[in-house]
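Participant: whatever this is, show me its structure:
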Amino acid sequence: MENKINVTKLDEKIINSVRLLANKMITKAGSGHPGIALGAAPALFELYANQMMLDPKNPNFENRDRFVLSAGHGSALLYSMLHTAGFAITGEDLAAFRQFGSITPGHPEVNVTPGIEATTGPLGQGLGMAVGMAMAEAKLHHQFPNVIDHYTYVLVGDGDLMEGISHEVASLAGQQQLKKLIVLHDDNDITLDGEKSRSDITDMPKRFESYGWDVRKVADGNDLIAIHDAIENAKLSPEPSFISIKTIIGESGPFAGTSKAHGTPLTEKQLNTLADNLDVTLSGFEIDTDLRQNIQERIAQRLALQKQPTKDEKLAYQAFVQHHDISDVHLDALQTLQAGRKIGHAVLQKMSQAVPNIWGGSADLIASTNANIEESGVFSSDDLAGRNIAFGVREFAMSTVMNGIALHGGTKVFGATFLAFSDYMKAGIRLSALQKQPVIYIFTHDSITVGEDGPTHQPIEQLMGLRMIPGVDVLRPGSAQEIAAAWRQALRSTQRPTILILSRGTIGNETTAEQAENIIQHGAGIVETDDQPVVNLIATGTEVQLAMQVKQQLADHHIASRVVSMPNLNRYLELDEKDQAAIIDEQAKKDVVIEAGNTLGWQSVVGKDGLIFGIDQFGASAQPNAMMVDFGLTATHISQRIMESLQ
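Facilitator: Residues are numbered from 1 along each chain as shown. Purely as a prediction, here's the structure:
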């Protein structure tokens, strides 16, 4: 394709002004990353000046192009460009870079700064979220072609591509043939510790070719025509595109081409020299008005040309993406006990009928997690209507891609694997919480009752570890109806991720639908109680049934007790004392917790005089019942210990 732009002196002045402003911010803050701001500015300029469909006055309109700065340490560059493009970022905001309470934090944060699409910084995850955004676009474009039709761009550095997550998500994107995903690689051959060659010799273009991507190279990161042409040609490709742009880290600065340029703020003297080298000056922390006006006029011209959907098309889209009423969706009474994962599957079928925009999948474990939508195909370039995502054996990718899907908006997404493998996903779950995205995680095979697969597959510390992440609802429902209620809460959530912990073993049917709703709402609730209980039996998941057996054995010895299901420990702890006392009887002599996992953390519920029956060591390869006996998780052992403690 022949180029359609003429590079002017004004373009160069805008780029150099953005470079200087970013470095001025970093120097004032006394910390930051000047190297990428100097090296990658032309690539970012091309996106905002000539490519992206944006509306700075309405930053979140549905059909905007998405840009993710996966190399999140380059935030000063992005803030400077957003300021230039007309987003609501003032000179005062830029001067407050990296300061407490500012809208220009050290790494980009969604919902903090206008124009930021994702919270980035942990390297590689931005690329994963961009893949998720591109998947969401492909799906929604298939159903609403005149409402959603945009590109997803992402800037990655060498650090992003060294992280293992980049392999997982790039492989998935190639398999999905996400043709509207365009990755710009800031190829400067430098990492924080030195030359990239000291730790990595990978030929990145060949690597992405092997994933099934369209690959292009730009030999000079200052060649705006070459960058423009590479992007225009990438838009014609039926594959996702990887554009490797050779840049010089810290270009025009005192540490150009060295690792010192990565994170060393310039002194005032060096900053003045940089201004001379770039042949620009700045008044305060703002780009000159005429330069900003030039960029903003280009953006406005593109926006004016965007095809608008009809009123009926908009209404159809809104009907699809709205929060659907699921209050009347209930689980049918079960005639026999079933595994928690199978009950979860039955609930998902009902919910997917009522909520047409839910989709998701498993990390190659559908046969085990049962987390699939039966009456639908597998999402792919050949079946964009499919509601099942074949994530493959890519747990970390699954979490980051789901974050991207949620950030894009328009659909609800779930992903499933074994609880023990949530360790692979912890960083992604943390970003779900940090970004307040209502992603639904389903973790099955939730205890040592996994059995013969042994300690590698038997979760011990994972459940309590997940509860420690701020802003996450971790639910381990103790009955079939609680699973249904937990799913309802997950689908209603708008600003918190939800983790559903489901069992391989059989789950009880002790609670009614009304009881279950109350239990999930408060984090805990009474399953069954005697008058004036002497013992509170607090349990989660399949251990609720065990608590019911303990209750019966205590009753045989004329000891009154109460069984409490506590699927959401954190939510219970957030209740006021009055509400807590209505659930756990304060007059009882002994509080007892039963959970087949790490005991650390339960002291906040039972106190120093309570009893905690759990597991603080790794399991073994053995039959489930043998495991429970070995760890003392039997009704006989627990009831005997309780009676001894009462004496």
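Participant: CA-only coordinates of the lengthiest helix in the chain in PDB, if you can.
Facilitator: Assignment by DSSP state H gives helix 9-29 as the longest helix of the chain. Presented in PDB, the C-alpha positions along helix 9-29 are these (Å, rounded to 0.1, in the frame of the first residue of the first chain):
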ATOM      1  CA  LYS A   9       7.700  19.800  10.700                       C
ATOM      2  CA  LEU A  10       4.600  20.200  12.900                       C
ATOM      3  CA  ASP A  11       4.300  16.500  13.400                       C
ATOM      4  CA  GLU A  12       8.000  16.400  14.500                       C
ATOM      5  CA  LYS A  13       7.400  19.300  16.900                       C
ATOM      6  CA  ILE A  14       4.400  17.500  18.400                       C
ATOM      7  CA  ILE A  15       6.400  14.300  18.900                       C
ATOM      8  CA  ASN A  16       9.300  16.200  20.500                       C
ATOM      9  CA  SER A  17       7.000  18.200  22.700                       C
ATOM     10  CA  VAL A  18       5.400  15.100  24.000                       C
ATOM     11  CA  ARG A  19       8.900  13.600  24.600                       C
ATOM     12  CA  LEU A  20      10.000  16.600  26.500                       C
ATOM     13  CA  LEU A  21       6.800  16.900  28.600                       C
ATOM     14  CA  ALA A  22       7.000  13.300  29.600                       C
ATOM     15  CA  ASN A  23      10.500  13.800  30.800                       C
ATOM     16  CA  LYS A  24       9.700  17.000  32.600                       C
ATOM     17  CA  MET A  25       7.000  15.100  34.500                       C
ATOM     18  CA  ILE A  26       9.500  12.400  35.500                       C
ATOM     19  CA  THR A  27      12.200  14.900  36.500                       C
ATOM     20  CA  LYS A  28       9.700  16.700  38.800                       C
ATOM     21  CA  ALA A  29       8.500  13.500  40.300                       C
END
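Participant: can you pull the buried residues of it?
Facilitator: 11-29 (16 or more other CB atoms under 10 Å). For glycine as for every other residue, the C-beta is placed from the backbone atoms N, C-alpha and C.
Participant: then stretch 447-464?
Facilitator: For stretch 447-464, by 16+ other CB under 10 Å, it's 447-451, 457-460, 462-464.
Participant: cool, stretch 139-155 as well?
Facilitator: Quick answer for stretch 139-155 (16+ other CB under 10 Å): 139-141, 143-144, 147-155.
Participant: likewise for stretch 356-371?
Facilitator: Buried, per 16+ other CB under 10 Å, within stretch 356-371: 357-366, 369-371.
Participant: using TSV, lay out these together with distance to Thr498.
Facilitator: Formatted as TSV, the buried residues of stretch 356-371 follow (distance: CB to CB, whole Å):
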residue	distance to Thr498
Asn357	16
Ile358	13
Trp359	16
Gly360	12
Gly361	17
Ser362	17
Ala363	18
Asp364	22
Leu365	19
Ile366	20
Thr369	16
Asn370	18
Ala371	13
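Participant: inside helices: which ones of the residues you listed?
Facilitator: Members of the buried residues of stretch 356-371 lying in helices (criterion: DSSP H): 366, 369.
Participant: can I assume Asn403 is in contact with Ile440?
Facilitator: No. Applying CB atoms under 8 Å as the test, Asn403 and Ile440 come out as separate, 11.8 Å apart.
Participant: who has more neighbours, these two?
Facilitator: Neighbour count, other CB atoms under 10 Å: between Asn403 and Ile440, Asn403 has more, with 29 against 26.
Participant: nearest residue to that one other than its sequence neighbours?
Facilitator: In this structure, Asn403 finds its nearest non-sequential neighbour in Met129, 5.1 Å apart by CB to CB, 6 or more residues apart in numbering.
Participant: spatially nearest residue to Thr202, not counting backbone neighbours?
Facilitator: Closest residue to Thr202 apart from its sequence neighbours, by CB to CB, 6+ apart: Leu161 at 7.6 Å.
Participant: can you give me the buried ones in the helix or strand harbouring that neighbour?
Facilitator: Leu161 is part of helix 158-162 when elements are defined by DSSP states H and E. Using 16+ other CB under 10 Å as the burial criterion, the residues of helix 158-162 that qualify are 158-162.
Participant: Pro205 contacts Lys217, correct?
Facilitator: Yes. Using CB under 8 Å, Pro205 is in contact with Lys217, at 6.3 Å.
Participant: list residues touching both of those two?
Facilitator: Ser244 (CB atoms under 8 Å, 6 or more residues apart in numbering).
Participant: domain ranges for this protein?
Facilitator: 9-305, 334-507, 524-646 (automatic domain parsing).
Participant: and the end-to-end length of the first one?
Facilitator: It refers to domain 9-305. For domain 9-305, the first-to-last residue distance is 26 Å (CA to CA, to the nearest Å).
Participant: and the average pLDDT for it is what?
Facilitator: On average, the pLDDT along domain 9-305 is 98.
Participant: need the buried residues of helix 158-162 in a markdown table with distance to Leu537, can you?
Facilitator: Shown next, in a markdown table, are the buried residues of helix 158-162 (distance: CB to CB, whole Å):
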| residue | distance to Leu537 |
| --- | --- |
| Asp158 | 55 |
| Gly159 | 50 |
| Asp160 | 49 |
| Leu161 | 52 |
| Met162 | 50 |
